[in-house]
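Engineer: Okay, structure incoming, though there's no sequence with it:
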């Protein structure tokens, strides 16, 4: 190896994510996990390193002990483990995933044509390795048409030191004349893929359709651009915040592999400014808020020196305050110095009437009690408060239930906060998911344990109560949003794969839930669950309660959650309004022919207008600029109709008249009612899992396989395997031949 090769693991949620990776990493593994995921691991805007290999895992991770065994074998690769064990197993798919190897502007993973017959032999240094492709459900997206590619079936590929050979289908682009590997699908020898089959999806071979109906604004530059959150100030101006791997708009520049940005609009949709911020490393944003003076507050994470030196091994949390013109007033960066975590993030913040800032996030740490949980790392929820000048008032590094007994008093599990809200009395409410803060989550499940937690902290940062909540059949529960109404009542929302009440779930995959809680003790007052026969979830989603106590939430669906019109693509976005009794007032669904997510939302002080943001790989407000664009729209709060945004919004968004969502009135299972199960934690025995998983050992195991500079690697083996197939591109003796002009090839070429 020319230098130590590091591999980055990106782990997403067990819902239908739009999974994206760091664009400048030499080697990265992206785990979409359960759900109907869309995986973008490549960014055309980045400067590809000499090696650029992305490992795409659509489902495999922790859905079953069989999957867990595959992961533990991968991490044992340097010690003789079998990283290709999946070829010996029949692992059922738990989602319909889309692996993106090209967009409408061109193919991904194309190498320098001058090196395709030399140092980057047929593109084997730059490609996507798809680990768990299911032809009956999953898809591979390519640019162009089948005639632009050739497919080689490769068998008996052997890496020295690994007993089991591997096999699969190699996808080569012919765009540059010399075959250029863009993807390799790991598969059993008996699996035969065809470039003309439905699981190959081609884009960019005809002009995109124009959006129809009402207008929205679509923001996008040369990279992957995500709209994450929005906030509205007292004057009706609204702010949209997000992340980008490029320059989000003309006039902005990229500082590193990913930056964060903020755009300000007046109440009519005219853009006042857009600012892009970041270091030379990766920077992201997850929340935005405003105060009574129109100042802007942001929260996120950084791998660089954003507001000071990096405090952690890999990533810090940060919060910052800007004036109404986007000028920095102060920024605070913190990490291991406060959380003891080697990777940290600020996922949420809220600002009270006095300008105090309450923030919440997570810190990832080494797990010192692997005898209890067989995972080498764990994380904790932290909550902090700063005054309006950025002075820290208090910091709670690990939220725990008052009076918790062992092992929940130390909680060597995963506990992650994703939203926080402050009430008029200075109390803070934080919500997220947990494997166990009161009792073990989902005790009958061996793996993938997810319950919701809701905690109340007093004005000094002490936990007053903590409620752990789940479904009666022990499905997966996750929460993205929490807020407080004018009377101090607490509301939370999220998604579930379970039944909060027998017969209540319309969808065998995901439903949405909304609940109200008593602020005195966290007792649920009511719960509403709704969904369609399709996939109804929330991802980076939000909740906002207006000054009039109307409740607004966001999400996505691949069906007709509004009961009207039709779904226009992979997923549509939706926004819903409820009253404080849990009655649905309206739900508006809208989208493009692509994948659309609604994330952050906010309501103006009059209660008349809802501002919402999200991201799409289709055309909402205008033609998509590359892979994924951010967007924002405005809705009439009274009826849920999409408004014609004046000013800089020039195109249209497709939507129907708003409808109402049929809701059930089920029962949450609070912590004291959690059922018994055969996998309940025994501190003397731990949680059964088939071996300890250490993400850093998974990284090392994969890195040892994919170092393109080593002959004994996946890249080297693939390059040698196709030399004979593409011999006409090489001179006798294996030296490069002159690069020929691009020529079409048969739709399929199979080499046994």
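Structural biologist: It's in. All values derive from a computational prediction rather than experimental measurement.

Engineer: Run a quick check on residue 369 versus residue 407, I expect a contact.
Structural biologist: Yes - using C-beta atoms under 8 Å, residue 369 is in contact with residue 407, at 6.9 Å. For glycine as for every other residue, the C-beta is placed from the backbone atoms N, C-alpha and C.

Engineer: Comparing these two, which residue is more hemmed in?
Structural biologist: Neighbours per residue, other C-beta atoms under 10 Å: of residue 369 and residue 407, the larger number sits with residue 407, 19 against 14.

Engineer: where does that one land on pLDDT?
Structural biologist: Note for residue 407: predicted pLDDT of 89.

Engineer: And the one 3 residues further on, by the same measure?
Structural biologist: At residue 410 the predicted local confidence, pLDDT, stands at 89.

Engineer: so the closest residue in space to it that isn't next to it in sequence is in which element?
Structural biologist: Once flanking residues are discounted, residue 410 sits nearest to residue 369: 6.8 Å by C-beta to C-beta, 6 or more residues apart in numbering. Per DSSP states H and E, residue 369 falls between elements, in no helix or strand.

Engineer: Could you measure from residue 369 over to residue 398?
Structural biologist: Remark: distance between residue 369 and residue 398 (C-beta to C-beta, to the nearest Å) = 14 Å.

Engineer: ditto for residue 152
Structural biologist: Going from residue 152 to residue 398 by C-beta to C-beta gives 52 Å.

Engineer: These two: who's more crowded?
Structural biologist: residue 152 (22 against 18).

Engineer: pretty sure that one contacts residue 722?
Structural biologist: Yes - in this structure, residue 152 is within contact of residue 722 by C-beta under 8 Å, at 6.3 Å.

Engineer: shared neighbours of these two, anything?
Structural biologist: Any residue near both residue 152 and residue 722 by C-beta atoms under 8 Å, 6 or more residues apart in numbering counts here, and that gives residue 170.

Engineer: roughly how far apart are residue 98 and residue 535?
Structural biologist: In terms of C-beta to C-beta, residue 98 sits 13 Å off from residue 535.

Engineer: Can you check which residues contact both of these two?
Structural biologist: Common neighbours of residue 98 and residue 535, using C-beta under 8 Å, 6+ apart, are residue 36.

Engineer: These two - which one has more neighbours?
Structural biologist: Shown here are residue 98 and residue 535; by other C-beta under 10 Å, residue 535 has more neighbours (24 against 21).

Engineer: Could you point out which residue ranges in the chain have low pLDDT?
Structural biologist: Within the chain, the ranges that satisfy pLDDT under 70 run 1-5, 45-49, 206-217, 220-222, 250-253, 500-508, 564-568, 620-626, 644-691, 731-752.

Engineer: count of neighbours near residue 524?
Structural biologist: By other C-beta under 10 Å, 18 other residues sit near residue 524.

Engineer: For it, name its beta-bridge partners.
Structural biologist: Legend: beta-bridge partners of residue 524 under DSSP bridges are residue 517.

Engineer: Tell me the spacing between it and residue 254.
Structural biologist: Distance from residue 524 to residue 254, counting by C-beta to C-beta: 45 Å.

Engineer: again, but for residue 372
Structural biologist: Distance from residue 372 to residue 254, by C-beta to C-beta: 43 Å.

Engineer: Check residue 441 too.
Structural biologist: With distances taken as C-beta to C-beta, residue 441 is found 40 Å from residue 254.

Engineer: So between those two, which is more surrounded?
Structural biologist: Taking neighbours as other C-beta under 10 Å, residue 441 and residue 254 compare with residue 441 leading, 28 against 19.

Engineer: can you pull the contacts of the more buried one?
Structural biologist: Per C-beta under 8 Å, 6+ apart, neighbours of residue 441: 434, 435, 449, 450, 451, 468, 470.

Engineer: ok, now residue 296?
Structural biologist: Contact analysis of residue 296 by C-beta under 8 Å, 6+ apart lists 231, 239, 262, 288, 289, 290, 321, 322, 323, 324, 326.

Engineer: residues touching the last one, list them.
Structural biologist: Right, residue 326. Residue 326 neighbours (C-beta under 8 Å, 6+ apart): 262, 264, 273, 275, 296.

Engineer: let's go with 6 Å and repeat that
Structural biologist: Contact analysis of residue 326 by C-beta atoms under 6 Å, 6 or more residues apart in numbering lists 273, 275.

Engineer: again, but for the third one
Structural biologist: Residue 262 is in contact with 239, 241, 275, counting by C-beta under 6 Å, 6+ apart.

Engineer: out of those, who has the most neighbours?
Structural biologist: Neighbour max across these (other C-beta under 10 Å) = residue 239, 30 neighbours.

Engineer: I'd guess that residue is in a helix, am I close?
Structural biologist: No - counting by DSSP: H, G, I helix; E, B strand; the rest coil, residue 239 is not part of a helix but strand.

Engineer: First-to-last residue distance for stretch 130-146?
Structural biologist: 19 Å (C-alpha to C-alpha, to the nearest Å).

Engineer: Quick check: buried residues in that stretch?
Structural biologist: 130-135, 138-146 (16 or more other C-beta atoms under 10 Å).

Engineer: List just the nearest of the residues you listed to residue 587.
Structural biologist: residue 139 (28.4 Å; C-beta to C-beta).

Engineer: Show the contacting residues for the closest one.
Structural biologist: For residue 139, the contact set (C-beta under 6 Å, 6+ apart) comprises 98, 199, 201.

Engineer: in which helix or strand would I find the last one?
Structural biologist: In other words, residue 201. Assigned by DSSP H and E, residue 201 falls in strand 200-203.

Engineer: Closest to residue 376 out of the contacts of residue 262?
Structural biologist: Within the contacts of residue 262, proximity to residue 376 (C-beta to C-beta) peaks at residue 241, which comes in at 33.6 Å.

Engineer: Now distance to residue 348 too, for the contacts of residue 139, in JSON lines please.
Structural biologist: Formatted as JSON lines, the contacts of residue 139 follow (distance: C-beta to C-beta, whole Å):
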{"residue": "98", "distance to residue 348": "29"}
{"residue": "199", "distance to residue 348": "38"}
{"residue": "201", "distance to residue 348": "35"}
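
Engineer: Closest one of those residues to residue 529?
Structural biologist: Closest approach to residue 529 among the contacts of residue 139 (C-beta to C-beta): residue 98, at 27.5 Å.

Engineer: which residues does the closest one bridge with?
Structural biologist: residue 38, residue 139.

Engineer: From here on, call the first residue 685.
Structural biologist: Yes, from this point I'll number from 685; that puts the last item at residue 782.

Engineer: So it sits against residue 722, correct?
Structural biologist: Yes - using C-beta atoms under 6 Å, residue 782 makes contact with residue 722 at a distance of 4.6 Å.

Engineer: so what are the domain limits for the protein?
Structural biologist: As recorded under automatic domain parsing, the domains making up the chain are 692-787+789-891+1375-1413, 899-930+943-1357.

Engineer: end-to-end on the first one?
Structural biologist: It stands for domain 692-787+789-891+1375-1413. This stretch, domain 692-787+789-891+1375-1413, spans 34 Å end to end (C-alpha to C-alpha).

Engineer: Equivalent analysis for stretch 1024-1042, please.
Structural biologist: Using C-alpha to C-alpha, one end of stretch 1024-1042 lies 20 Å from the other.

Engineer: what do you get for stretch 978-995?
Structural biologist: Counting by C-alpha to C-alpha, the terminal residues of stretch 978-995 are separated by 30 Å.

Engineer: And it, how far out from the chain middle?
Structural biologist: Offset of stretch 978-995 from its chain centre (C-alpha atoms, centre = their mean, to the nearest Å): 20 Å.
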